[in-house]
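> Model the following, please.
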Amino acid sequence: MRRSRCTKILATLGPSSSDESTIEALFRAGADVFRINMSHTDHAKMRGLVAAIRSVEDTVGRPIGILADLQGPKLRLGVFGDGKAELEEGATFRLDADTTPGDATRVQLPHPEILEALEPGHRLLIDDGKVKLVVSAVGEAWVEATVEVAGTVSDRKGVSVPDTTLALSAMTEKDRRDLDAVVESKVDWVALSFIQRPEDLAEVRKITRGRVGVMAKIEKPQAIERLDDIIELSDALMVARGDLGVEMPLEKVPGLQKRITRAARRAGKPVVVATQMLESMISSPTPTRAEVSDVATAVFEGADAVMLSAESAAGQHPVEAVQTMDHIATEVELDDNYATIIAAQRIAPEPTGADAIAAAARQIADTLNLSAIVCYTSSGATALRVSRERPSAPMVVVSPVRATARRLALVWGLHCVVSPDARDVDDMVDRACAVAFQEKFARPGQRLITLAGIPFGTPGATNLLRVAYVSDDGRGGA
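Have a look, this model is predicted:
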């Protein structure tokens, strides 16, 4: 099951893709990691999906990653007497704590933290920005706003406050229950929604204690302002373009996508580009030309993964959507411009021995035209460093820890294999050559390069680099 591309594909599971046979079909079509959206999944259903994915993993013999996406705080209006109201441009509209059903002049905003934080000039965006209000006056437990973009508002529509930093955690009580459940189920990644500040990640890290990778979804302006700090505390990032495009001008999103992708790569953290990538394939068997270009742009930029949401979760053509994304990524990576663009983005290694060895492995592999770079890793740190280099040679990860191999399934270019740890350096070379031979990355007579940390099993201690020949029996020779 060797992929013909380096960019990974993340497919969301849902009504169209919850049974084991469809999950297997999605994997064979190209999905590397599966996303479970906890906004629409209870704990019993989540456990069933995890069990189905693990069963498929046993069938195909490849590590498969699982991402649980937490819902995060949902800010909503109260209810209206008639179920809805029409707001006219220029009208004054009041939001307050009164539970009385609303009308065209006022409605309850059942979030005191918003009422306390809003200031004159701040925007309120209702129903994904379809209606826009600008705060004109504030009082105790109320605000008045002017309708800048008119439209219909109705019961419990979502509210966004892009100019306001709220004194609330990115974790709700539901999220805490969900987090306990997904950690217990041994998922590989958990995504945290509506991050505003690096402190939002601290609570998740305290609960998970390294048992799951923490992915920060970048979808609020406040997160952009503190991006470097958020990257430092996270294990991966997601460019969540849907909410980001609601809370910021749409024309800024492409530039932010590039900025976030490049910042994550500099830090050696995986980055996922998500939302509406092949949206038309929810109902159509083929994408639009613009959607193909959108996916291609993310691949050209060097994103670790591209994500399907409703296309695979609730669409009519989930397998075809994965196949289409696979074909696009594969074709882009064959383009002559791809290698040039990826190489131009390469940055100097960090001043550590492990980073220097990873950079040297990439350079040696390119200079000697080696068949593969084989990384031995327990924690995944060695493989992440090599992936950041974006080498042209295939990267094979050999890990004795299945959870590490599953987590690395998200990372650009990594082909993960679970294998017992090496006994010594000679055994390491033999195992590396055997794995590369068995997985069809190297033939007898070809050379490869092996990276590891000595003593074996020591996290983050990459300090060994060795070039070896693959012998006729598939083993190694100096």
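> Quick check, residue 111 in contact with residue 75.
Yes. In this structure, residue 111 is within contact of residue 75 by Cβ atoms under 8 Å, at 5.6 Å. (Each C-beta comes from the backbone N, C-alpha and C, glycine too.)
> Please enumerate the shared neighbours of those two.
Taking Cβ atoms under 8 Å, 6 or more residues apart in numbering as the criterion, residue 111 and residue 75 both touch residue 159.
> Where does the record place the domain boundaries for the protein?
Split into domains by automatic domain parsing, the chain comes to 8-72+170-343, 84-160, 353-477.
> JSON lines for the ones you listed, including mean neighbour count and mean pLDDT?
Below are these laid out as JSON lines (neighbours: other Cβ atoms under 10 Å; pLDDT from 0 to 100):
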{"stretch": "domain 8-72+170-343", "mean neighbour count": "20", "mean pLDDT": "95"}
{"stretch": "domain 84-160", "mean neighbour count": "17", "mean pLDDT": "94"}
{"stretch": "domain 353-477", "mean neighbour count": "20", "mean pLDDT": "90"}
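> Now render those as JSON lines, adding distance to residue 1.
As requested, the domains of the chain are arranged in JSON lines below (distance: least, Cβ to Cβ, whole Å):
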{"stretch": "domain 8-72+170-343", "distance to residue 1": "5"}
{"stretch": "domain 84-160", "distance to residue 1": "39"}
{"stretch": "domain 353-477", "distance to residue 1": "9"}
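> Please name whichever of those is nearest to residue 2.
Counting by Cβ to Cβ, residue 2 lies closest to domain 353-477 out of the domains of the chain; the figure is 6.0 Å.
> Centre of the chain to that closest one, how far?
Centroid displacement of domain 353-477 relative to its chain, using Cα atoms, centre = their mean, to the nearest Å, is 24 Å.
> which stretches of the stretch 51-200 of the chain form helices?
Along the stretch 51-200 of the chain, counting by DSSP state H, counting those that start in this stretch, helices occupy 112-117, 173-184, 199-208.
> Alpha carbons of the first one, in CSV - could you do that?
Output in CSV follows, covering the C-alpha atoms of helix 112-117 (Å, rounded to 0.1, in the frame of the first residue of the first chain):
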residue,chain,number,x,y,z
PRO,A,112,-22.6,37.0,29.4
GLU,A,113,-18.9,36.7,28.6
ILE,A,114,-19.7,38.3,25.1
LEU,A,115,-21.8,41.1,26.6
GLU,A,116,-19.0,41.9,29.0
ALA,A,117,-16.3,41.9,26.4
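> could I get the helices of the stretch 51-200 of the chain as TSV with distance to residue 442?
Output for the helices of the stretch 51-200 of the chain, formatted as TSV (distance: least, Cβ to Cβ, whole Å):
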stretch	distance to residue 442
helix 112-117	58
helix 173-184	37
helix 199-208	37
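> Of those helices, give the one that comes closest to residue 288.
helix 173-184 (34.3 Å).
> how much does that closest one deviate in direction from helix 199-208?
Here helix 173-184 points in a direction 40 degrees away from that of helix 199-208 (axes from the mean of the first three to the mean of the last three Cα atoms, to 10 degrees).
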